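# 3D model of this:
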Amino acid sequence: MAADSGPESGPSLEAAEFRALYERVRRDARAGTAGRGALDDIAAATVREAAREVRTGRTVTLAAAVESVPGPDNPDACCHRMTGAVAGEIGTGLQFARDRFAMNVHGDADSHIDALCHVVYDGTLHGGVSADTLTTDGAEALSIDVARNGIVGRGVLLDIPRLRGVPWLEPGDHVTGEDLAAAETAQHIEVGEGDLLFVRVGHPRRRAELGAWNTAKARAGLHPTAMTFLADRGVAVLGGDGNNDTAPSSVDGVGFPVHVLGVHAMGLHLLDYLQFEGLVPLCEEEDRWSFLCVIAPLRLPGATGSPVNPIAIV
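Prediction:
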């Protein structure tokens with residue numbers, strides 16, 4: 001575990017520097033061409049090899065519990081209502097308890113996966129698809145339905161607070177490409193082509209111990225330049241226990257540069273606001289930071305994303 005626990009602010013990027021970075025990762029990423037983006041890097045052989053990661057058979061969720069109480073980071077909380085068979089209304093004979101959920105899929109508290117149609121940049125979606133395919137009835141291209149058969153592969157968790165010797169990264173801290181490489185070394189793991197990469201910043205632990213805050217203004221995440229690490233390694237999916245993007249942004253005029261680079265340029269499905277607090281102890285116990293991972297978005301044709309409950313099998 002590294003002794004350096006200082007914040008990693010990372011350099012600010014001018015517009016021209018960000019454009020050059022965008023072109024670099026777009027060119028170098030091994031993204032597919034059939035509307036599935038980087039998911040095409042997860043071949044059947046890759047899945048079979050990932051199954052060999054299972055040693056103990058223990059399973060753990062990587063999702064946070066869906067919240068229905070509004071807070072400073074979740075003003076538009078999920079609405080959960082019971083619609084039948086509640087206390088005081090239950091009679092004799094057969095009845096069914098029923099309920100209804102309504103939620104903002106892309107909020108700042110609930111675990112979700114971003115579809116390739118989620119990010120509009122310069123009037124286009126990933127792969128140059130016209131943003132006109134986003135209609136009032138849903139997305140006509142690149143919706144979350146491209147992942148309807150699930151995403152299965154080798155998950156790799158890089159724990160940056162563990163690397164720095166702190167419980168979490170403070171809001172505004174950046175994870176750099178150097179951090180990711182150093183975490184690989186410290187954890188005796190190497191990220192490879194087709195991997196599902198998960199990066200821990202400790203957001204849920206900080207929130208649990210210190211309380212919620214306005215994450216739209218301040219949160220830890222990846223520095224945009226860290227995306228070259230993912231492009232060079234051929235990562236197929238990126239997941240984080242925050243938004244993946246740092247706030248405030250380090251790029252003038254681009255509020256979510258990691259989303260632009262990951263989704264739009266590289267064709268990565270991004271998973272936001274996961275939680276790894278149950279997985280870390282298992283990885284530490286086994287001294288192994290890779291695992292079989294199963295991600296199953298809901299069947300929502302035309303949707304820009306989905307609530308998600310990734311399962312790690314250690």
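
# who does the longest helix seen in the chain touch, helix- and strand-wise?
When the chain is parsed with DSSP state H, its longest helix is helix 15-28. Applying 3 or more CB pairs under 8 Å, 6 or more residues apart in numbering; DSSP states H and E, we find helix 15-28 packed against helix 227-233. For glycine as for every other residue, the C-beta is placed from the backbone atoms N, C-alpha and C.

# After the helix it packs on, which helix or strand is next? Please name it.
The element immediately downstream of helix 227-233 (helix or strand, assigned by DSSP states H and E) is strand 237-240.

# In the longest helix of the chain, which residues are buried?
18, 21-22, 24-26 (16 or more other CB atoms under 10 Å).

# again, but for stretch 211-218
Within stretch 211-218, the residues that count as buried by 16+ other CB under 10 Å are 212, 215.

# Mind exporting the C-alpha coordinates of it to PDB?
These are the backbone C-alpha positions of stretch 211-218, laid out as PDB (Å, rounded to 0.1, in the frame of the first residue of the first chain):
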ATOM      1  CA  GLY A 211     -23.400  12.200   5.200                       C
ATOM      2  CA  ALA A 212     -24.500  13.100   1.700                       C
ATOM      3  CA  TRP A 213     -23.400  16.300   0.000                       C
ATOM      4  CA  ASN A 214     -24.000  18.000  -3.400                       C
ATOM      5  CA  THR A 215     -22.000  15.800  -5.600                       C
ATOM      6  CA  ALA A 216     -22.900  17.900  -8.700                       C
ATOM      7  CA  LYS A 217     -20.400  20.500  -7.300                       C
ATOM      8  CA  ALA A 218     -17.700  18.300  -5.800                       C
END
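
# which outside residues touch that stretch?
71-74, 108-109, 171-172, 203, 207, 242-243, 247-248 (CB atoms under 8 Å, 6 or more residues apart in numbering).

# related to what we said a few turns ago, give me the residues contacting the longest helix of the chain.
13, 224-225, 227-228, 230-232, 251-254, 257, 260-261, 265-266.

# Return a ChimeraX selection command for the buried portion of the residues you listed.
Buried residues within these, by 16+ other CB under 10 Å, are selected in ChimeraX with:
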select :13,224,225,227,228,230,231,251,254,257,260,261,265,266
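
# any idea which element the residue of the chain positioned farthest from its centre lies in?
Distance from the C-alpha centroid of the chain, by CA atoms, centre = their mean, peaks at residue 92 (46.3 Å). Assigned by DSSP H and E, residue 92 belongs to neither a helix nor a strand.

# Need the pLDDT of it.
Looking at residue 92, its pLDDT is 89.

# ok so, going back, and of the buried residues of helix 15-28, the nearest to residue 277?
Relative to residue 277, the closest of these is residue 25; by CB to CB it sits at 30.1 Å.

# and the gap between residue 311 and residue 59?
6 Å (CB to CB, to the nearest Å).

# And residue 179, by the same measure?
28 Å.

# Same drill for the two, tell me which one is more crowded.
residue 179 (25 against 15; other CB atoms under 10 Å).

# List the buried residues in stretch 236-249.
By neighbour count with 16+ other CB under 10 Å, stretch 236-249 contains the buried residues 236-247, 249.

# do the same with stretch 280-287
Under the neighbour-count criterion of 16+ other CB under 10 Å, stretch 280-287 has 280, 282-283 buried.

# Which members of these occur in strands, if any?
Judged by DSSP state E, the subset of the buried residues of stretch 280-287 located in strands is empty.

# So which of the residues you listed sit within helices?
Counting by DSSP H, the buried residues of stretch 280-287 place 280, 282-283 in helices.

# Adding distance to residue 44 and pLDDT, write these out as TSV.
Supplementary listing: those in TSV, determined by distance: CB to CB, whole Å; pLDDT from 0 to 100:
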residue	distance to residue 44	pLDDT
280	30	98
282	27	98
283	26	98
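
# out of these, which one sits closest to residue 289?
Distances from residue 289 to those, taken by CB to CB, are shortest for residue 283, at 4.9 Å.

# Backbone dihedrals for residue 159, both of them.
Per-residue torsions, residue 159: phi -100, psi 100 (degrees, to the nearest 10).

# err, residue 198, not the other one
Backbone torsions for residue 198, taken as degrees, to the nearest 10, come to phi -120, psi 130.

# So residue 59 is in contact with residue 310, correct?
No - with contact defined as CB atoms under 8 Å, residue 59 and residue 310 do not form a contacting pair (10.7 Å).

# Great, nothing more from me.
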